[in-house]
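Sharing a model prediction with you, sequence too.
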Amino acid sequence: MVSIQLSHQYGWVILVGVASSFLLVWQGMQVGKMRKKFKIQYPTMYSTDNDVFNCYQRAHQNTLENYPQFLMLLFIGGIQFPFVTALAGVVWILGKIAYSLGYYTGDPAKRMKGSFGYIGLITMLGTTVCFALNLLGYL
């Protein structure tokens with residue numbers, strides 16, 4: 001059995017998790033604005049004739065698709081490495097903002113401006129793997 005005691009710095013991890021929820025709200029609001037502007041009714045997910053709307057929708061959808069792994073890596077990796085993991089989480093969030101703003105131009109290639117967010121995701125993967133190996137007694 002393993003007992004885990006959280007560092008006071010784990011508060012940073014929690015705050016980054018909260019901040020990430022504001023990212024989702026912001027993206028959802030952008031999609032809502034575009035639905036209204038282009039008159040795309042629910043439950044239509046993607047338009048058959050409006051690529052700009054689809055870029056907004058896709059930016060939000062991609063974030064939702066990746067959100068569970070982000071949260072898992074953030075909250076687990078942050079147990080042993082709270083400050084590094086929280087900082088990596090901020091990098092991921094900033095990457096998603098840049099990704100969204102690039103996508104919102106209507107040119108899908110510009111979403112790549114947010115690819116630096118993977119630095120944060122890979123860092124969180126590393127802190128999570130290190131924590132797991134530590135629990136197993138390998139580190």
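Received the coordinates, thanks. Numbering: from 1, shown residues only.

quick one: the helices in this structure?
All helices of the chain, identified by DSSP state H, fall at 10-38, 51-80, 82-103, 117-135.

so how far does stretch 131-139 reach from one end to the other?
9 Å (CA to CA, to the nearest Å).

Report the rounded mean pLDDT for it.
For stretch 131-139, mean pLDDT is 94.

now do stretch 1-13
Here the average pLDDT along stretch 1-13 is 93.

Please identify the buried residues of that stretch?
Neighbour-count burial for stretch 1-13 flags 10, 12-13 (criterion: 16 or more other CB atoms under 10 Å). Just so you know, the C-beta spots here come from the backbone N, C-alpha and C atoms, and that holds for glycine as well.

Report the distance from that stretch to the chain centre.
In terms of CA atoms, centre = their mean, to the nearest Å, the centre of stretch 1-13 is found 22 Å from the chain centre.
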